[in-house]
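# Coordinates only, no sequence provided:
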Ligand SMILES: Nc1ncnc2c1ncn2[C@@H]1O[C@H](COP(=O)(O)OP(=O)(O)OP(=O)(O)O)[C@@H](O)[C@H]1O
């Protein structure tokens, strides 16, 4: 008869790291019996990790062989093995051996070995039960220590460590096993103080946080929710506070997660039920942030409950309802997923969803009033890149944690890094994260290509408009200000800040639930030096007057106009983007590996191309700059012969190859025939006009502007795809701001035919301005296509007029 044993994997110690002890190892254990392999969760940062996880072993006889292995998990695939984990050692035994070494319930220590050498000791405990007979004997609760908690906590401060240790001790009183039936008991009986139910949800989320790598999509939301709830738990646990409403809300969260069941199968579920699971993760974070506010452990000075009981009651109702709906959708999706759905049915479901989103969007835009529309400035992120999945994990988590940690008095997080280090890409990823959570107040990005939007007042207007869109009380207060004094839109920046933001916020602050995230990307690209100083002063001196619900994420190059003003400001924290960090190098390697694989597939190249060694050489050349990697990719993938392009790059000596200017030089040299007199006559002017006009111009406009024959600019642009983003009939813009820097800086490109010297800069600017003005007046007559609208022209689909009207 089959027999069921349960093997409790307790802990590992005496780990031999071959005198090369890693600072923050991630460890897990697998147990293989027959064809089944069971796996513990991954524990990070502990020198003697403790799992306390039960494995159910069903065997035919006690002579069945069991293999227990101790693994170390890496952040990325290791370069040489191509695997994400390393086997530290293993131990093979049969159940009969264990039974001889002690009676069921005794702790047994197993030596795990590699190459005949003991590498660690793993403690286990065997219990038994028989299928069809009595239930497996329960394992007595073990005291659980902080080491069973998710990883990032251990990278943090002593304070965090103390907090988690405190929780560990509490667990000796609470049932520690997150999968225990207690979770459901609490839900069903309707009992429990806030601390206890919070612990339940923390226990459910903890293991999900630990399998982070496998569930990269939802991990940041769950991780942030777990961190918030843990800190609230720590604050309220001693109060034995019972507040029925909030307790019910937390129970609803636990119940929702009980649907997801065993976290080990979560990664597969995420694949098949991606959108629902992602919604669940976002809603969890939304609830966590609300609970923090509600319990008074959020933004300072809030009297949330007592003062705004009605608002709060409604919010709790809404959140609970949303959780219930998600639970229903999850159960339904699970069902749908387990039965066969025809392609048409799938399509119908998708269409219905799309239609309802469209209807909602139209209603929203119809509701915008003309008055508030005057504040609207469009920041179109359609073509902005996000971080490739798997890159920038640590820094993204750090930024998200900072922006949602309300106990932190600094409201501005300033990411500074050199040109091309990847700041804008990070800011776009962060904006998506908070937009999905409906916490994004504004995503404002400055660009030299778009000076019209890169103005200080864009920040005030866009923030005010964003608030009005999301908060009905603020909307009314702002409308009153604008109706009372329409000239306020032409007042000084500080007056506008006072009237359009501070004043309506003072009146409505109590209705606003934080955090509200405002992102300002590429501050250094603010329209001109004077405007930049105005804006930087506003951030440095006036932003502290804003309510604490606002959290700012600002990125810029480390230029002195910004650094000198931000220094020593208590509300601003600088976060340097380190291009020498190992994580950055690993991220770039991952980026290049993915991109080269893409090129290999699209261009039908040999499957062995380009080979790990060549990718590593490219990655080494980047010097930590993503712009180098992305330009190299554009260069290699453009044209017919990527292997030849790669060979051109790698043939250069390392010090020449690794220089960004050198890369631009090679890219330009090899993309076009600069010896062709016709090409050399027109190409520099086309490049010059794109850089100097400081606005995206289409090929037809370029022809008209430069007095060229029809199609000439298009023929030039076709050759320059690795540095200029352009499609026929569409505006052309540089792929990256650093390319403009290179072309115009005499120290960097002088002597090359494409260098834009100061004389040309002056002439082109004057000429360009005149021509663009003239063309603007004639657009309707000559029918030129361009991205520009006259101020009076409406934006399609809205009743807004453009900024600056
Ligand atoms: N994590 C990433 N994943 C994929 N691509 C990336 C990543 N980071 C950066 N890139 C690519 O590298 C290039 C440079 O990045 P980005 O524009 O973000 O740099 P930056 O620091 O903002 O530069 P600058 O200060 O000059 O504006 C872009 O083409 C971007 O798409």
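Yep, it's here. These numbers were taken from a predicted model, which means no experiment stands behind them.
# Can you give me the buried ones in the helix or strand where residue 57 lies?
In this structure, residue 57 sits in strand 50-59 according to DSSP states H and E. Neighbour counts over strand 50-59 (16 or more other Cβ atoms under 10 Å) mark 50, 51, 52, 53, 54, 55, 57, 59 as buried. Placement of C-beta: from N, CA and C, glycine included.
# Can you add distance to the ligand and give the residues you listed back as CSV?
What follows is the buried residues of strand 50-59, written out as CSV (distance: Cβ to the nearest ligand atom, whole Å):
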residue, distance to the ligand
50, 35
51, 33
52, 37
53, 34
54, 39
55, 38
57, 43
59, 47
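# Let me know the secondary structure of residue 517.
Under DSSP: H, G, I helix; E, B strand; the rest coil, residue 517 falls in the strand class.
# what separates the closest residue to it other than its chain neighbours from the ligand, distance-wise?
Spatially, and ignoring its direct neighbours in sequence, residue 517 is nearest to residue 434 (4.3 Å; Cβ to Cβ, 6 or more residues apart in numbering). Noted for residue 434: a distance of 17 Å to the ligand, by Cβ to the nearest ligand atom, to the nearest Å.
# Same check on residue 596?
13 Å.
# Also residue 731?
For residue 731, the distance to the ligand - Cβ to the nearest ligand atom - is 18 Å.
# which residues pair with that residue across the strands?
Beta bridges link residue 731 to residue 698 when assigned by DSSP bridges.
# Surely it and residue 700 touch.
No. Contact criterion Cβ atoms under 8 Å: residue 731 and residue 700 do not qualify, at 10.2 Å.
# sorry, back to before: so what strands line up beside the strand holding residue 57?
strand 3-13 (antiparallel).
# continuing past the partner strand, what's the next helix or strand?
strand 26-33.
# angle of that following strand against strand 50-59?
10 degrees (axes from the mean of the first three to the mean of the last three Cα atoms, to 10 degrees).
# elements contacting the helix or strand following strand 26-33?
Scanning forward in sequence from strand 26-33 by DSSP H and E, the next helix or strand is strand 36-39. Judged by 3 or more Cβ pairs under 8 Å, 6 or more residues apart in numbering; DSSP states H and E, strand 36-39 is in contact with strand 26-33, strand 50-59.
# comparing those strands, which gets the lowest mean pLDDT score?
Lowest mean pLDDT of the helices and strands packed on strand 36-39: strand 50-59, a mean of 81.
# To which secondary structure element is the residue nearest to residue 517 assigned?
helix 423-436.
# Only the buried residues of that helix, if you could.
Here helix 423-436 shows 423, 424, 425, 426, 427, 428, 429, 430, 431, 432, 433, 434 as buried, counting by 16+ other Cβ under 10 Å.
# That one: how far from the chain's middle?
In terms of Cα atoms, centre = their mean, to the nearest Å, the centre of helix 423-436 is found 6 Å from the chain centre.
# for the record, mean pLDDT for whichever helix or strand comes after it?
Downstream of helix 423-436, the first helix or strand assigned by DSSP H and E is strand 440-445. In this model, strand 440-445 carries a mean pLDDT of 93.
# helix or strand right after strand 440-445?
Trace forward from strand 440-445 with DSSP H and E and the next one is helix 456-470.
# returning to that earlier point: by how many degrees do the helix or strand following the strand holding residue 57 and strand 50-59 diverge?
Next helix or strand after strand 50-59 toward the C-terminus (DSSP H and E): strand 65-73. Inter-element angle recorded for strand 65-73 and strand 50-59: 150 degrees (by the same axes, to 10 degrees).
# So which bits of the helix or strand following strand 65-73 are buried?
Elements were assigned by DSSP H and E; along the chain past strand 65-73, the next helix or strand is strand 85-94. For strand 85-94, a neighbour-count test (16+ other Cβ under 10 Å) marks 85, 88, 89, 90, 91 as buried.
# Output the set of residues of the protein in proximity to the ligand.
385, 387-388, 391-392, 417, 419-425, 522, 557, 587, 591, 626-627, 630, 736-738 (Cβ under 6 Å from any ligand atom).
# Narrow the residues you listed to those in helices?
When DSSP state H defines the helices, the subset of those inside them is 423, 424, 425, 587, 591, 626, 627, 630, 737, 738.
# Ranking by neighbours, what's the top pick from these?
residue 626 (28 neighbours; other Cβ atoms under 10 Å).
# contacting residues around it?
420, 421, 422, 425, 588, 591 (Cβ atoms under 8 Å, 6 or more residues apart in numbering).
# how about 6 Å then?
Counting by Cβ atoms under 6 Å, 6 or more residues apart in numbering, residue 626 makes contact with residue 422.
# re the thing from before, so which of the helices and strands packed on strand 36-39 gets nearest residue 726?
strand 26-33 (45.0 Å; Cβ to Cβ).
# The closest one pairs with which strands, and in what direction?
Partners of strand 26-33 in its sheet, by DSSP bridges: strand 36-39 (antiparallel), strand 43-44 (antiparallel), strand 65-73 (antiparallel).
# Show the pLDDT at the closest residue to the ligand within the stretch 551-700 of the chain.
Proximity of the stretch 551-700 of the chain to the ligand (Cβ to the nearest ligand atom) peaks at residue 626, 3.3 Å away. Model confidence at residue 626, given as pLDDT, is 94.
# mind checking which helix or strand of this protein has the lowest mean pLDDT?
The weakest-scoring helix or strand in the chain, judged by mean pLDDT, DSSP states H and E, is helix 182-189 (a mean of 34).
# other SSEs contacting the helix or strand just after it?
Using DSSP H and E, the helix or strand that follows helix 182-189 towards the C-terminus is helix 194-210. Contacts defined by 3 or more Cβ pairs under 6 Å, 6 or more residues apart in numbering; DSSP states H and E place helix 194-210 against helix 182-189, helix 219-236, helix 244-260.
# and those helices, which is most packed in?
Highest mean neighbour count among these (mean count of other Cβ atoms under 10 Å): helix 219-236, with a mean of 23.
# now what about it, what contacts it?
163, 194-195, 198, 201-202, 205, 208-209, 212, 281-282, 284-285, 288, 291-292, 295, 297, 400, 404.
# And the strand holding residue 57, how far out from the chain middle?
35 Å.
# avg pLDDT for the one helix or strand residue 478 maps to?
Per DSSP H and E, residue 478 falls inside helix 472-484. Averaged over helix 472-484, pLDDT sits at 86.
# Quick check: buried residues in the helix or strand following it?
Downstream of helix 472-484, the next assigned helix or strand under DSSP H and E is helix 493-496. Neighbour counts using 16+ other Cβ under 10 Å place 493, 496 of helix 493-496 among the buried residues.
# Next, the residues that contact helix 493-496 from outside, please.
So helix 493-496 is in contact with 456, 460, 534, going by Cβ under 6 Å, 6+ apart.
# List just the nearest of these to residue 513.
Using Cβ to Cβ, the contacts of helix 493-496 come closest to residue 513 at residue 460, 21.8 Å.
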